[in-house]
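# this is the structure alone, sequence omitted:
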């Protein structure tokens, strides 16, 4: 009868696991899935560690958090662990300069008044579009050019882009309507 010696079995390496018994070769070990990693040998599937919130993992078989998990880029966030990509800030918002990338509420900030963005994943406030001259938008977080309203009230105008209100014509002058 054969006896099992500890040297007869070798652990699956770091970044790999096996939940099966009797695996005959290292090729029978599975890689930890993208979004997960393991730092030491001998793991089962459930013991691969998830990349944390605010991070994602794109490659399988990673042996450390530093190697396997990347922080979400500006304008993106990830609220869940073990994910393979980050979510984009929605239209009308941009990445917060100092925001934590773990929650949408802290990673994304509304485009300011006089601006809009129909794109998702805008990295910075400079990526929000300005309302054209002759138009304004008082609201924040606007996702469409249609949110920019035309200055149509007689006696009002706006010559500058990216404004939140129309201006009143100075005394002694007149304006008959919309400016462009």
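Yep, it's here. Values in this document were obtained by computation on a predicted structure and should not be read as measured data.
# which stretches of this protein have low pLDDT?
Within the chain, the ranges that satisfy pLDDT under 70 run 1-7, 45-46, 98-99, 173-180.
# centre-most residue in it?
residue 76 (1.1 Å; Cα atoms, centre = their mean).
# bridged to it, which residues?
residue 88 (DSSP bridges).
# residues contacting it?
Listed by Cβ atoms under 8 Å, 6 or more residues apart in numbering, the contact set of residue 76 reads 86, 87, 88, 89, 95, 101, 107, 121. Heads up, the C-betas are built off the backbone N, CA and C, glycines and all.
# how about 7 Å then?
Going by Cβ atoms under 7 Å, 6 or more residues apart in numbering, residue 76 touches 86, 87, 88, 89, 101, 121.
# dump the residue contacts of the third one.
What it means is residue 88. Residue 88 makes contact with 75, 76, 120, 121, according to Cβ under 7 Å, 6+ apart.
# was I right about residue 109 contacting residue 93?
Yes: judged on Cβ atoms under 7 Å, residue 109 makes contact with residue 93 at a distance of 6.1 Å.
# so these two - more neighbours on which side?
Each of residue 109 and residue 93 has its neighbours counted (other Cβ atoms under 10 Å); residue 93 has more, 25 against 21.
# nearest spatial neighbour of that one, chain-adjacent residues omitted?
Excluding the flanking residues, the one nearest residue 93 by Cβ to Cβ, 6 or more residues apart in numbering is residue 108, at 4.2 Å.
# now do residue 165
residue 136 (5.4 Å).
# could you measure from the one you found over to residue 79?
Separation of residue 136 from residue 79 (Cβ to Cβ, to the nearest Å) stands at 34 Å.
# which of those two has more neighbours?
Using other Cβ under 10 Å, the more surrounded residue of residue 136 and residue 79 is residue 136, with 24 against 15.
# bridged to that one, which residues?
residue 149.
# got a winner among the contacts of residue 76 for most neighbours?
Comparing these by number of neighbours (other Cβ under 10 Å), residue 89 comes first, having 28 neighbours.
# distance between stretch 54-69 and the chain's centre?
17 Å (Cα atoms, centre = their mean, to the nearest Å).
# which residues touch residue 109?
Going by Cβ under 7 Å, 6+ apart, residue 109 touches 93, 94, 96.
# could those go into a markdown table alongside secondary structure and distance to residue 160?
Below are the contacts of residue 109 laid out as a markdown table (DSSP: H, G, I helix; E, B strand; the rest coil; distance: Cβ to Cβ, whole Å):
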| residue | secondary structure | distance to residue 160 |
| --- | --- | --- |
| 93 | strand | 23 |
| 94 | strand | 21 |
| 96 | coil | 26 |
